[in-house]
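*Asks:* Sequence and predicted structure, then a few things I'm wondering about:
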Amino acid sequence: MRQTRPATTALICLAILFGLAQPSYARRVEDWPYDKLMKKSDLVVVVRYVGTVEVEAPSPENPWEAEFQGLQSRFKVFCHLKTDEKKYEPPKTIDFLHFYSERSLQNGPGFVEFAKEFIETESASGIKQHTMQQAQYLLFLKKLPDGRYAATSGQIDPNLSVREMRTPIPPIGGPRQRERKSQ
């Protein structure tokens with residue numbers, strides 16, 4: 001039986017490795033930690049979603065050269081953490097301009113959608129949980145010249161400026177009832 005040299009084995013492994021390699025495509029997404037979002041934002045608010053309508057708005061420049069549909073979502077403001085209103089009372093409602101695409105895009109934008117419906121979830125153990133309130137959102141926003149607001153992180157990845165907040169609800173029956181049944 002003939003033995004192969006280590007150099008030959010290494011060359012064979014490299015040939016297989018490069019032969020199987022597939023090109024991967026990724027786009028660079030800017031990092032937006034909370035301190036940066038807070039510093040760059042004109043308005044930081046806790047809100048509840050009211051509704052969304054399609055609007056005419058120029059599609060933001062994007063690497064996919066795609067046309068995006070403008071959306072305007074209205075929110076009721078519950079708490080102002082930072083405001084751009086120096087002399088006036090902060091807004092009680094805000095209109096948030098964002099976009100979506102019908103087309104699926106590879107390494108696409110981080111668009112956002114907002115939940116208006118109440119949520120029912122099921123844990124891994126099969127216990128159903130009901131969220132008895134709509135989600136609230138923490139929004140980091142820049143004011144636009146027309147008075148609306150847009151995501152501080154930009155129109156391509158607005159998801160980086162939106163945080164969904166939910167109050168934890170105990171499972172149906174409560175944890176104490178489950179403990180009693182198992183004893």
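*Replies:* On my side now, so go ahead.

*Asks:* so which strand or helix has residue 44?
*Replies:* Here residue 44, judged by DSSP states H and E, is contained in strand 43-55.

*Asks:* for whichever helix or strand comes after that strand, what is the average pLDDT?
*Replies:* Toward the C-terminus, strand 43-55 is succeeded by strand 69-82 as the next helix or strand (DSSP H and E). The average pLDDT for strand 69-82 rounds to 94.

*Asks:* What of stretch 162-179?
*Replies:* Averaged across stretch 162-179, pLDDT comes to 67.

*Asks:* what does stretch 91-100 rub up against?
*Replies:* Contacting residues not belonging to stretch 91-100 are listed as 43, 45, 47, 50, 55, 57, 59-60, 68-77, 85, 109, 111-113, 139, 141, 144, 147-151, 155, 158 [CB atoms under 8 Å, 6 or more residues apart in numbering]. No exception for glycine: its C-beta is placed from N, CA and C like everyone else's.

*Asks:* Tell me the helix or strand right after the lengthiest helix in the chain.
*Replies:* Longest helix of the chain, by residue count under DSSP state H: helix 6-20. Using DSSP H and E, the helix or strand that directly follows helix 6-20 along the chain is helix 34-40.

*Asks:* pLDDT averaged over that next one - what is it?
*Replies:* Rounded mean pLDDT across helix 34-40 is 96.

*Asks:* list the buried ones in it?
*Replies:* By 16 or more other CB atoms under 10 Å, the buried positions in helix 34-40 come out as residue 37.

*Asks:* Please enumerate residues in contact with that helix?
*Replies:* Helix 34-40 has contacts (CB under 8 Å, 6+ apart) with 44, 81, 82, 140, 142, 152, 153, 160, 161.

*Asks:* Hmm, the fourth one is touching residue 161, no?
*Replies:* The reference is to residue 140. Yes. With contact defined as CB atoms under 8 Å, residue 140 counts as touching residue 161 (4.2 Å).
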